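Undergrad: Sequence first, predicted coordinates after that:
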Amino acid sequence: MSVYDEILEKKKQDRIKYRLEQEERDNEDLKRKNDVYATKFYSMQKQIDNKDKEIERLNREIETKDRWIEIKDRWCQNIISIGCDYDGCNKVSSLKSLIDELVDYSKKAIKCDDTTPVYISENGKKENILFEELKESTNG
């Protein structure tokens, strides 16, 4: 092997060594970037999960408030019905009890009362203002 061949071989090995070192540096850079992206992804996923939980909470709150509005509407409809036809009352004493009943309904509307039995279903079950069956209380 001539000196020239040895120099060429040495340059070839130096180039290979340089490329390998460069690949190693590139791989380390990629690993660091991958770690950074993984951390950012985890952080973003956590933010998304938190937003999803917040959306679920707000949806439950909306459903609750919609229910309250419906309960208030139903109690107020009952108040209007009683107030329009006086519920068969024509004496002063019976009108006083009618006013008491209207006040009671008003309080129930303000409280969004859905636990007071208002109706009796065809099968004899007690129902609240929304026509929902009430569970029998075991307190006694």
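TA: Arrived safely, thanks for sending.
Undergrad: Longest helix of the chain, counting residues only.
TA: In terms of residue count, the longest helix belonging to the chain (DSSP state H) is helix 3-85.
Undergrad: Give me the helices and strands touching that one, please.
TA: Contacts defined by 3 or more Cβ pairs under 8 Å, 6 or more residues apart in numbering; DSSP states H and E place helix 3-85 against helix 92-111. Just so you know, the C-beta spots here come from the backbone N, C-alpha and C atoms, and that holds for glycine as well.
Undergrad: tell me the mean pLDDT for the helix it packs on?
TA: Helix 92-111 shows a mean pLDDT of 89.
Undergrad: can you check stretch 114-132 too?
TA: The average pLDDT for stretch 114-132 rounds to 94.
Undergrad: What are the buried residues along it?
TA: Going by neighbour count (16 or more other Cβ atoms under 10 Å), the buried part of stretch 114-132 is 114, 118, 128-129.
Undergrad: cool, stretch 68-81 as well?
TA: Judged by neighbour count (16+ other Cβ under 10 Å), stretch 68-81 contains these buried residues: 71-72, 74-75, 78-79.
Undergrad: Tell me how many other residues crowd D14.
TA: 10 (other Cβ atoms under 10 Å).
Undergrad: per-residue pLDDT, it?
TA: On pLDDT, D14 comes in at 92.
Undergrad: Any idea which residue is closest to the centre of this protein?
TA: Central residue of the chain (Cα atoms, centre = their mean): E56, 1.5 Å from the mean position.
Undergrad: Any figure for the gap between it and Q47?
TA: As defined by Cβ to Cβ, to the nearest Å, E56 lies at a distance of 15 Å from Q47.
Undergrad: Next: Y37.
TA: On the measure of Cβ to Cβ, Y37 and Q47 end up 15 Å apart.
Undergrad: Could you do K111 as well?
TA: For K111 relative to Q47 (Cβ to Cβ), the value is 39 Å.
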